[in-house]
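Q: Provided below are the primary sequence and the corresponding predicted coordinates.
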Amino acid sequence: MELVTIVTVLALIQYTWFGIQVGQQRVKHDCQAPAMSGDPEFERMFRVHYNTMEQLVVFLPALWLYAQLVNPLWGAGLGVVFLVGRFVYRAAYLKDPASRSLGFMLTFLPSAVMLIWVLAISVLSLLK
Amino acid sequence: MELVTIVTVLALIQYTWFGIQVGQQRVKHDCQAPAMSGDPEFERMFRVHYNTMEQLVVFLPALWLYAQLVNPLWGAGLGVVFLVGRFVYRAAYLKDPASRSLGFMLTFLPSAVMLIWVLAISVLSLLK
Amino acid sequence: MELVTIVTVLALIQYTWFGIQVGQQRVKHDCQAPAMSGDPEFERMFRVHYNTMEQLVVFLPALWLYAQLVNPLWGAGLGVVFLVGRFVYRAAYLKDPASRSLGFMLTFLPSAVMLIWVLAISVLSLLK
């Protein structure tokens, strides 16, 4: 499970780093807390951070269920796709939010695949 | 633990589906990212999605601690109440946000019951 | 793991309580759902709640990985710092958002320490 643990920690560090960048945008554009809107660059980074949170809430349980019930190595591999996908998402969103689809799919699909797989295995195991 | 796993996956799929509906509302009402406000129908779906995230952050740890320390079957049963409650919440919120209390309680209470139970058992086990 | 379980449940109860206070602020200042802005006192409590969610998403996985791979007692101790830090954060933020740094660091640092430690241990274990 070391690889799954490493992917988990890296995803949490990536997300934390996105959060720090939101704080930096607050300072840069004088968007003082508690504001959630203001300068467009701040708003984009804010949404990148929150969309990453939205997806982590699905990705982490999916990863660990998949690693335990299917295969930890494949789980870690899908996790690497997630990590790369989040960087793609961030870069595209900051340039133009309308171009965020590819990065979104690169992190949505690994979670979706793992969830469906875990669901199928659990239902089959119950029917046996 | 199959039933607990299935409830977990279904809750994550339900939440993901709510997120997809937020995206559909963005298109329908031309509320382009990174906007978090605009058309009332979009704002309602956005809040349904985020309130579900708020509650999942409590529900999933509560469910798994309860399943391991108390009873997985009861945990899965409370999880079904959560799933149904989120559909009730969504339907009520989209019609009139002021009517969201019942759906909210149907998902708040299962988590609250499991948390208190787990806390009581852990404190008692520590005092033994 | 009783202490880690207790800290986890207390952190989730604290977060739930912050969420209830957001609802109370909605009533007090007539900030009806789905609004996310309006009265400054409501906005501050809203952000305290959401910032706590942001941090729980990191803290809970960090705590459980650390408790299993390093030491549950130290994990519980760092969890107590997190709990106290969130109360400090809430009090400071409600008085003046610009004064939230200390409370933020008191909850950011425990998670950061645990994440880095878990990452180091996992990488070392993989290289052996």
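A: Great, that's in hand. Residues are numbered from 1 along each chain as shown, chains lettered A, B, ... in the order given.
Q: any buried residues in whichever helix in chain A runs longest, and which?
A: Using DSSP state H, we find that the single longest helix of chain A is helix A:40-69. For helix A:40-69, the neighbour count (16 or more other CB atoms under 10 Å in any protein chain shown) marks A:42-67, A:69 as buried. All C-beta spots, glycine's among them, are computed from the backbone N, C-alpha and C.
Q: that helix close to chain C?
A: Yes. Residues of helix A:40-69 are located near chain C by CB under 8 Å from any CB of the partner chain, namely A:49, A:53, A:56-57, A:60.
Q: go on, stretch A:92-107?
A: No. If you take CB under 8 Å from any CB as the test, stretch A:92-107 misses chain C, and the best it gets is 14.8 Å.
Q: in which helix or strand would I find A:Ile116?
A: According to DSSP states H and E, A:Ile116 maps onto helix A:101-127.
Q: what packs against that helix?
A: helix A:40-69, helix A:72-95, helix B:2-28 (3 or more CB pairs under 8 Å, 6 or more residues apart in numbering or on different chains; DSSP states H and E).
Q: give me the angle between that helix and helix A:72-95.
A: 150 degrees (axes from the mean of the first three to the mean of the last three CA atoms, to 10 degrees).
Q: give me the angle between helix A:101-127 and helix B:2-28.
A: 150 degrees.
Q: can you give me the buried ones in helix A:101-127?
A: In helix A:101-127, counting by 16+ other CB under 10 Å, buried: A:103-104, A:106-108, A:110-112, A:114-115, A:117-119, A:121-122.
Q: repeat that for stretch A:22-40.
A: Buried residues in stretch A:22-40, counted by 16+ other CB under 10 Å: A:22, A:25-26, A:29, A:31, A:33-36, A:39.
Q: can you give me the end-to-end span of that stretch?
A: 12 Å (CA to CA, to the nearest Å).
Q: how far does that stretch sit from its chain's centre?
A: Relative to the centre of its chain, stretch A:22-40 is centred 22 Å away, using CA atoms, centre = their mean, to the nearest Å.
Q: which outside residues touch that stretch?
A: Stretch A:22-40 is contacted by residues A:41-43, A:45-46, A:49, B:34, B:36, C:36-37, C:40, C:43-44, C:46-47, C:93, C:97-98, C:100 when judged by CB atoms under 8 Å, 6 or more residues apart in numbering or on different chains.
Q: and the nearest residue to A:Ala91 once chain neighbours are set aside, what is it in contact with?
A: Take A:Ala91 and drop its neighbours on the chain: the residue closest to it by CB to CB, 6 or more residues apart in numbering or on different chains is A:Gly103, 7.5 Å away. A:Gly103 is in contact with A:85-93, counting by CB under 8 Å, 6+ apart.
Q: relative to chain B, which of those residues is nearest.
A: Taking CB to the nearest CB as the measure, chain B lies nearest A:Tyr93 of the contacts of A:Gly103, at 7.6 Å.
Q: circling back to that earlier point, which one of the residues of helix A:40-69 next to chain C is nearest C:Gly75?
A: In terms of CB to CB, no member of those lies closer to C:Gly75 than A:Leu60, at 17.7 Å.
Q: and the gap between the residue nearest to A:Ala91 and A:Ile6?
A: Computed with CB to CB, to the nearest Å, the distance linking A:Gly103 and A:Ile6 is 22 Å.
Q: for A:His49, same thing?
A: 22 Å.
Q: show me what contacts A:Phe42?
A: Listed by CB under 8 Å, 6+ apart, the contact set of A:Phe42 reads A:22, A:25-26, A:28-29, A:31.
Q: quick one on the thing from earlier: just the angle between the longest helix of chain A and helix B:2-28, please?
A: Helix A:40-69 and helix B:2-28 are oriented at 160 degrees to each other (the same axes, to 10 degrees).
Q: mean confidence for helix A:40-69?
A: For helix A:40-69, mean pLDDT rounds to 97.
Q: do the same with stretch A:105-116
A: Averaging pLDDT along stretch A:105-116 yields 97.
Q: gap between A:Gln24 and A:Phe18?
A: 11 Å.
Q: correction: A:Leu60
A: For A:Leu60, the distance to A:Phe18 equals 16 Å [CB to CB].
Q: repeat that for A:Phe108.
A: Counting by CB to CB - A:Phe108 and A:Phe18 are separated by 17 Å.
Q: the contacts of A:Phe42 into TSV, with extra columns for distance to C:Val80 and pLDDT?
A: Formatted as TSV, the contacts of A:Phe42 follow (distance: CB to CB, whole Å; pLDDT from 0 to 100):
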residue	distance to C:Val80	pLDDT
A:Val22	27	96
A:Gln25	32	95
A:Arg26	29	94
A:Lys28	35	93
A:His29	36	93
A:Cys31	33	90
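Q: you'd agree A:Thr107 is up against A:Arg86?
A: Yes. Because the distance of 5.6 Å satisfies CB atoms under 8 Å, A:Thr107 is recorded as touching A:Arg86.
Q: would you mind listing the residues touching both of the two?
A: Shared contacts of A:Thr107 and A:Arg86 (CB under 8 Å, 6+ apart): A:Gln55.
Q: surely A:Ala11 and A:Val81 touch.
A: No. Using CB under 8 Å, A:Ala11 is not in contact with A:Val81; the gap is 11.3 Å.
Q: mind checking which of those two has more residues around it?
A: Higher neighbour count among A:Ala11 and A:Val81: A:Ala11, with 24 against 14, using other CB atoms under 10 Å in any protein chain shown.
Q: list the residues that contact the spatially closest residue to the more buried one that is not a sequence neighbour.
A: Spatial nearest neighbour of A:Ala11, chain neighbours left out: A:Leu83 (6.1 Å); criterion: CB to CB, 6+ apart. Applying CB under 8 Å, 6+ apart, we find A:Leu83 in contact with A:7, A:10-11, A:14.
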